[in-house]
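K.L.:
mind folding the following:
(one chain, ligands or ions: 1)
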Amino acid sequence: MSIAQSFSDGFVWGAATAAFQIEGALDADGRGESIWDRFSRTPGNIRNGDSAAIACDHYNLWQKDVAIMKEIGLNGYRFSISWPRVFPSGTGKMNPAGLGFYDRLVDALLEAGITPFPTLYHWDLPQGLEDAGGWPRRSTAYAFADYAGAVVEHLGDRVKHWVTINEPWCVVELGYRFGEHAPGRRDASAALDAAHHVMLAHGLGMQAAKAAASGVAVGIAKNVDVKTPRSTHPADIRVAALEDAFRNRWYLDPVFRGEYPHDGVVARNWDQACVLPGDLDAISAPMDFVGFNYYSRTVVQDNSVSDAERPRPLVEADLPRTTMGWEVYPDGLRDLLVRFNGDYQLPPVYVTENGVAFPDQLVDGAVHDENRRVYLEQHFAAAAEAHAAGVPLRGYFIWTLMDNFEWAMGYTPRFGLVWTDFDTQERILKDSARWLGEEISRG
Ligand code: IFM
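P.N.:
Down below sits the predicted model:
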């Protein structure tokens with residue numbers, strides 16, 4: 001039996017991308033500046049000084065990319081809508097030309113038999129909104145709801161699945177606490193406010209989307225990570241539980257339970273002053289589906305404990321690692337899906353991202369990425385086990401369709417099913433893409 005046969009009929013096999021990572025054309029047709037335009041122009045922020053000005057030139061080559069998805073045999077495509085294309089300064093006057101691009105893309109996808117799953121926010125906040133305070137300001141959540149409503153009003157006659165926010169943890173922690181991503185701020189207090197307003201944006205955006213078009217399904221894409229304690233030492237176990245609160249539960253408890261995780265709130269000494277009456281009701285309104293993005297696990301420890309004090313290590317050492325330095329740990333996907341299905345009442349579930357960057361080589365016009373094929377096969381098997389254990393899994397999106405701009409890492413990591421030649425914009429299907437197509441067709 002093929003892995004694809006382990007899932008139910010109508011299972012969505014897709015690829016995922018994000019606007020800033022593939023589109024290029026940053027100044028085309030009235031697009032406004034985003035925080036990533038500004039951040040990536042700042043020397044030192046992006047490896048090798050790489051720029052997303054052209055990226056995969058998808059803004060011009062989108063028809064070719066839809067044809068490639070069809071050739072692979074995908075029946076779903078998760079892409080993101082660039083907020084500054086639609087509202088160049090974040091609010092105010094809409095830019096019809098920006099929305100027109102997505103109109104054409106959606107029509108072409110539907111024509112090719114590929115279900116569109118757009119994400120409304122995949123990190124490219126209009127710079128004007130950051131200048132007004134960014135996600136730490138409540139007004140940004142209101143602006144997002146207006147934007148979401150306008151886009152869904154326009155496309156909701158054809159697009160029935162909408163993701164509000166991609167990976168709130170990254171928006172907040174990488175963008176506002178650690179400053180590794182745009183807007184590059186390092187402000188722990190602002191990050192706490194940002195986290196709440198991103199979640200509020202999800203809740204208000206979902207309301208706005210549902211009011212704008214009938215019959216649309218709305219969910220969020222949450223990146224989740226296994227936090228494994230290095231040993232059975234109680235201090236390591238305590239750190240792992242807290243890291244789990246910061247990474248996973250901070251964003252899942254509010255949507256499924258209407259509260260922030262108590263242990264995390266206490267550890268961060270957060271007064272929750274920015275949480276106003278009604279916010280958590282909006283955030284925890286039932287979603288039509290939930291998306292999980294899964295890549296790896298992290299082994300964590302309490303650094304005040306010396307190795308001599310540590311009892312027997314709990315973790316195997318030396319698991320293979322990817323170009324990103326992430327452990328290859330497929331069991332984590334099964335374990336997290338099963339755990340969340342027990343901890344929360346999950347609606348239909350999608351793996352909204354899973355994939356891998358390895359140091360691919362183009363040799364004689366081909367990329368023999370057996371390591372990626374094995375990675376995908378192992379993760380599909382883990383997802384199938386979760387499905388068999390009762391997780392209502394409805395689809396799986398590979399990160400990513402084609403090699404693209406990997407944020408602060410520039411073009412070094414190649415995550416694609418398709419090789420991108422960034423000089424010529426030629427696309428070449430890697431072996432893993434062909435294998436995936438065969439798996440899907442056997443489903
Ligand atoms: O490239 C990113 C994507 O934008 C969000 N999820 C993780 C991917 C790999 O780092």
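
K.L.:
where do the strands sit along the chain?
P.N.:
Secondary structure of the chain by DSSP state E: the strands cover 12-16, 76-78, 115-116, 119-121, 161-166, 217-229, 289-300, 349-354, 393-399, 418-420, 427-429.

K.L.:
so which of those gets nearest Asp37?
P.N.:
Nearest of the strands of the chain to Asp37, taken as Cβ to Cβ: strand 119-121 at 15.7 Å. Bear in mind the C-beta positions are built from the backbone N, C-alpha and C, glycine included.

K.L.:
so is the closest one next to the ligand?
P.N.:
No: figure legend: strand 119-121 not in contact with the ligand (Cβ under 6 Å from any ligand atom); closest approach 9.7 Å.

K.L.:
repeat for stretch 56-69
P.N.:
No: judged by Cβ under 6 Å from any ligand atom, stretch 56-69 makes no contact with the ligand; its nearest approach is 12.7 Å.

K.L.:
starting at the chain centroid, how far to that stretch?
P.N.:
Using Cα atoms, centre = their mean, to the nearest Å, the mean C-alpha position of stretch 56-69 is found 20 Å from that of the whole chain.

K.L.:
touching, Tyr411 and Phe422? I think so.
P.N.:
Yes: at 6.0 Å, Tyr411 and Phe422 qualify as touching, with contact defined as Cβ atoms under 8 Å.

K.L.:
what do these two both touch?
P.N.:
Asp403 (Cβ atoms under 8 Å, 6 or more residues apart in numbering).

K.L.:
who in this protein is up against the ligand?
P.N.:
Going by Cβ under 6 Å from any ligand atom, the residues of the chain near the ligand are Ala18, Gln21, Glu167, Asn293, Glu353, Trp399, Glu406.

K.L.:
please redo it, this time with the cut-off set to 5 Å
P.N.:
Neighbours of the ligand within the chain, by Cβ under 5 Å from any ligand atom: Ala18.

K.L.:
what pairs with the most centrally placed residue in the chain across the strands?
P.N.:
In the chain, the residue lying closest to the centroid (Cα atoms, centre = their mean) is Asn166, at 4.3 Å. Beta-bridge pairing for Asn166 (DSSP bridges): Ala221.

K.L.:
can you name every helix or strand that the helix ranked longest in the chain contacts?
P.N.:
In the chain, with assignment by DSSP state H, the single longest helix is helix 188-212. In terms of contacts (3 or more Cβ pairs under 8 Å, 6 or more residues apart in numbering; DSSP states H and E), helix 188-212 is packed against strand 119-121, helix 138-155, strand 161-166, helix 168-169, strand 217-229, helix 250-257, helix 279-283.

K.L.:
reformat the ones you listed as a markdown table; add mean pLDDT.
P.N.:
Output for these, formatted as a markdown table (pLDDT from 0 to 100):
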| stretch | mean pLDDT |
| --- | --- |
| strand 119-121 | 99 |
| helix 138-155 | 98 |
| strand 161-166 | 99 |
| helix 168-169 | 98 |
| strand 217-229 | 97 |
| helix 250-257 | 98 |
| helix 279-283 | 99 |
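
K.L.:
make JSON lines out of the ones you listed and add distance to Leu346.
P.N.:
Below are the helices and strands packed on helix 188-212 laid out as JSON lines (distance: least, Cβ to Cβ, whole Å):
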{"stretch": "strand 119-121", "distance to Leu346": "19"}
{"stretch": "helix 138-155", "distance to Leu346": "23"}
{"stretch": "strand 161-166", "distance to Leu346": "16"}
{"stretch": "helix 168-169", "distance to Leu346": "17"}
{"stretch": "strand 217-229", "distance to Leu346": "10"}
{"stretch": "helix 250-257", "distance to Leu346": "8"}
{"stretch": "helix 279-283", "distance to Leu346": "16"}
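
K.L.:
nearest approach to Arg339 belongs to which of those?
P.N.:
Across the helices and strands packed on helix 188-212 (criterion: Cβ to Cβ), the nearest stretch is strand 217-229, sitting at 9.3 Å.

K.L.:
let's see the closest one as CSV, backbone CA atoms only.
P.N.:
What follows is strand 217-229, C-alpha atoms only, in CSV (Å, rounded to 0.1, in the frame of the first residue of the first chain):
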residue,chain,number,x,y,z
ALA,A,217,-13.3,27.7,6.0
VAL,A,218,-10.7,29.5,8.1
GLY,A,219,-7.8,28.3,10.2
ILE,A,220,-4.3,29.2,11.4
ALA,A,221,-0.9,27.7,10.6
LYS,A,222,1.0,27.1,13.8
ASN,A,223,4.6,26.0,13.8
VAL,A,224,5.1,23.3,16.4
ASP,A,225,8.2,21.7,17.8
VAL,A,226,9.0,18.9,20.1
LYS,A,227,11.0,20.1,23.2
THR,A,228,12.9,17.2,24.6
PRO,A,229,14.7,17.5,27.9
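
K.L.:
so which residue of this protein lies furthest out from the middle?
P.N.:
What lies farthest from the middle of the chain is Ala308; by Cα atoms, centre = their mean that is 39.2 Å.

K.L.:
tell me how far that residue lies from Gly332.
P.N.:
Going from Ala308 to Gly332 by Cβ to Cβ, to the nearest Å gives 29 Å.

K.L.:
on that earlier part again, model confidence score at the residue farthest from the centre of the chain, please.
P.N.:
For Ala308, the pLDDT comes out at 86.

K.L.:
quick one: it from the ligand, how far?
P.N.:
Relative to the ligand, Ala308 is positioned 36 Å away (Cβ to the nearest ligand atom, to the nearest Å).

K.L.:
could you do Asp343 as well?
P.N.:
From Asp343 over to the ligand (counting by Cβ to the nearest ligand atom), the distance is 23 Å.

K.L.:
show me what contacts that residue?
P.N.:
Leu252, Phe256.

K.L.:
list phi and psi for the residue of the chain at minimum distance from the ligand.
P.N.:
Residue of the chain nearest the ligand, by Cβ to the nearest ligand atom: Ala18 (4.8 Å). Backbone torsions for Ala18, taken as degrees, to the nearest 10, come to phi -140, psi 150.

K.L.:
circling back to that earlier point, adding distance to Phe380, write the strands of the chain out as CSV.
P.N.:
Below are the strands of the chain laid out as CSV (distance: least, Cβ to Cβ, whole Å):
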stretch, distance to Phe380
strand 12-16, 10
strand 76-78, 15
strand 115-116, 19
strand 119-121, 22
strand 161-166, 21
strand 217-229, 17
strand 289-300, 12
strand 349-354, 9
strand 393-399, 7
strand 418-420, 19
strand 427-429, 19
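
K.L.:
low-scoring pLDDT stretches of the chain, where are they?
P.N.:
Scanning the chain with the threshold set as pLDDT under 70 gives 313-314, 316-317.

K.L.:
before we move on, the earlier item: isn't the residue nearest to the centre of the chain up against Pro118?
P.N.:
No: counting by Cβ under 8 Å, Asn166 does not reach Pro118; the two are 10.6 Å apart.
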